[in-house]
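Undergrad: predicted structure and sequence below. I'll ask about it afterward.
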Amino acid sequence: MSESMSNVIPSSVQPGDIVQMRKPHPCGSDRWQVYRIGADIGIRCLGCNRRVMLDRATFNKRLKKIIDPHLGIEPEDEKSSLKGDAR
């Protein structure tokens, strides 16, 4: 039963949330923004904007805490802002 519980992500994690992971990214930041919830969890490093996909079990294992729920750029707004930056 504990194995099935490890595959359940916290219901409070939503796209746009800022989370802190247990180990820092090589760029030095340990804060990430969740941009995708699905079969895998998509997170973006707030230090260097690197995107990483983690399976649910790995995400749960590495998650330290939720810093700010729904803080920052929502994924839809991010895509539209990137279109405006392209030249």
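TA: That came in fine, so what should we check first? Since the structure is predicted, the reported quantities are computational estimates derived from the model, not experimental observations. Residues are numbered from 1 along each chain as shown.
Undergrad: Gln33: neighbour count?
TA: Residues lying near Gln33 (other Cβ atoms under 10 Å) number 24. Every C-beta, even on glycine, is put in place using the N, C-alpha and C of the backbone.
Undergrad: residue ranges with poor pLDDT in the protein?
TA: 1-11, 70-87 (pLDDT under 70).
Undergrad: just the helices in it please.
TA: 2-6, 56-62, 75-85 (DSSP state H).
Undergrad: what about stretch 32-43, how long is it end to end?
TA: Counting by Cα to Cα, to the nearest Å, you get 6 Å between the two ends of stretch 32-43.
Undergrad: buried set for it?
TA: Residues of stretch 32-43 classed as buried by neighbour count (16 or more other Cβ atoms under 10 Å): Trp32, Gln33, Val34, Tyr35, Ile41, Gly42, Ile43.
Undergrad: let's have those in JSON lines, adding distance to Arg22.
TA: Listed next are these as JSON lines, based on distance: Cβ to Cβ, whole Å:
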{"residue": "Trp32", "distance to Arg22": "11"}
{"residue": "Gln33", "distance to Arg22": "17"}
{"residue": "Val34", "distance to Arg22": "16"}
{"residue": "Tyr35", "distance to Arg22": "20"}
{"residue": "Ile41", "distance to Arg22": "15"}
{"residue": "Gly42", "distance to Arg22": "18"}
{"residue": "Ile43", "distance to Arg22": "13"}
